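[1] I'd like to go over a predicted model; first the sequence, then the structure.
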Amino acid sequence: MGKKAQAPVQKNESLTVTFEDLTHEGAGVAKINGYPLFVPNALPGEEAEIKVVKAGKAFGFGKLMNRLTTSEHRIEPPCPIYDRCGGCQLQHLSEAAQNDLKRQQIVNALHKYMATVQFKYIRRSRWTSRGAIETKHKYPSPRIVTAN
């Protein structure tokens, strides 16, 4: 039988990483030799010291210990309980960057089913719980509603 694949990081290991991307849940994504680590409250372009809290075969999770650089898109979350609640994972990301992220996530999701995707994102207000997009595609439903 083959040898079990082992993660390139270990639980409780401290690392300095640079974040490359965000998940749909708002966690920063850093990669160690192609192995993704998901870390809440981190933004692409930021460098930070993290602690690995879980190391699985294909991916791991970390905790932000010290942010060494700050993204130009980081803002002060307007909600006073943002860091304790967990209901709005992207309040530390500027509105323009949130819209870009959400647009790209929609394109990535819909691209599996359509050759081209064109849409306009409609945001009624910064703090509404829902936004809408209008799409142009060959399927009968022209409107898709997505949570912010």
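    Perfect, I can see it now.
[2] Residue 86 and residue 75, how far apart?
    With distances defined as Cβ to Cβ, to the nearest Å, the gap from residue 86 to residue 75 amounts to 18 Å. To be clear about C-beta, it is placed using only N, CA and C from the backbone, and glycine gets the same treatment.
[3] Which one's more surrounded, the two?
    Just comparing residue 86 and residue 75: by other Cβ atoms under 10 Å the higher neighbour count belongs to residue 75, 14 against 11.
[4] just checking, the more buried one touches residue 90?
    No: using Cβ atoms under 8 Å as the test, residue 75 is too far from residue 90 to be in contact (10.2 Å).
[5] For the longest helix seen in the chain, name the packing helices and strands.
    In the chain, taking DSSP state H as the definition, the longest helix is helix 95-111. Counting contacts by 3 or more Cβ pairs under 8 Å, 6 or more residues apart in numbering; DSSP states H and E, helix 95-111 is packed against strand 118-122, strand 130-136, strand 143-147.
[6] repeat that with 7 Å
    With contacts defined as 3 or more Cβ pairs under 7 Å, 6 or more residues apart in numbering; DSSP states H and E, the secondary structure elements packing on helix 95-111 are strand 118-122.
[7] buried stuff in the longest helix of the chain?
    For helix 95-111, the neighbour count (16 or more other Cβ atoms under 10 Å) marks 97-98, 101-102, 106, 110 as buried.
[8] average model confidence for that helix?
    Averaged across helix 95-111, the pLDDT comes to 81.
[9] how far out from the middle of the chain is that helix?
    The chain centroid and the centroid of helix 95-111 are separated by 10 Å, computed with Cα atoms, centre = their mean, to the nearest Å.
[10] Could you number the chain from 4 rather than 1 from now on?
    That works, and once the first residue is 4, the last one we named lands at helix 98-114.
[11] residues making contact with stretch 12-27?
    Contacts of stretch 12-27 from elsewhere in the structure, counted by Cβ atoms under 7 Å, 6 or more residues apart in numbering, are 31-35, 38, 40-41, 45-58, 63, 104, 108.
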